[in-house]
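[1] task: produce atomic coordinates for the following.
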Amino acid sequence: MKAEYINPFLESAKVVIEQLIQVKPSTGQLGVKEIKFVENYIWIQIGINGQMNGDIVFGLSEEVALKMVSAMMGGFVISEMDEMGKSAISELGNMISGNASTMLFNQGVRVDITPPKVLHSAQTAGFNASKALTIPLIMEGIGELDIQVLIAS
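    Below you'll find the predicted structure:
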């Protein structure tokens, strides 16, 4: 997958997060990193098919996910990632990816996205890539959301 394809996901994530979470995220450093599965981490995996194929994965610590879900629910404090929380964080990934696929379409790239899969640390089966092109979004007072484009090894 080409590096320029991460930009629509980055731009879409900034807009969606600003609308839903009421925080304007800043962009961290673009890089390639090894995929490591750590405890207390959540991934939202969305498959992309069409003129480009692969996965976009949004990675965030469970603590950041809880803060984001709380903000999405109008400040209601969420203390554990239950089914409602997973649904909310999944919908966040879906909104970002839907907007990004529209941006790609407007650039002449036709893609379809799969429904998001929310994966916890223990559910890492299905990740075949070992490296990802990644860019973090830093949300003040909340933490980081990593946008990762999986690169097949």
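[2] what are the boundaries of the helices in the chain?
    Under the criterion DSSP state H, the chain contains helices at 6-21, 62-72, 83-106.
[3] dump the first one to CSV, restricted to CA.
    Only the C-alpha atoms of helix 6-21 are listed here, as CSV (Å, rounded to 0.1, in the frame of the first residue of the first chain):
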residue,chain,number,x,y,z
ILE,A,6,-2.6,7.2,4.7
ASN,A,7,-3.3,10.9,4.3
PRO,A,8,-7.1,10.6,3.7
PHE,A,9,-7.3,8.5,6.9
LEU,A,10,-5.2,11.1,8.8
GLU,A,11,-7.3,14.0,7.6
SER,A,12,-10.6,12.2,8.2
ALA,A,13,-9.5,11.1,11.7
LYS,A,14,-8.7,14.8,12.6
VAL,A,15,-12.2,15.9,11.5
VAL,A,16,-14.1,13.1,13.1
ILE,A,17,-12.2,13.3,16.4
GLU,A,18,-12.7,17.1,16.5
GLN,A,19,-16.5,16.7,15.9
LEU,A,20,-17.1,13.7,18.3
ILE,A,21,-14.5,14.3,21.0
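[4] center of this structure, which residue is that?
    With distances taken as CA atoms, centre = their mean, F58 lies nearest the centre of the chain, 2.2 Å away.
[5] gap between Q29 and L137?
    12 Å (CB to CB, to the nearest Å). In this view, the C-beta of every residue, glycine as well, is placed from N, C-alpha and C.
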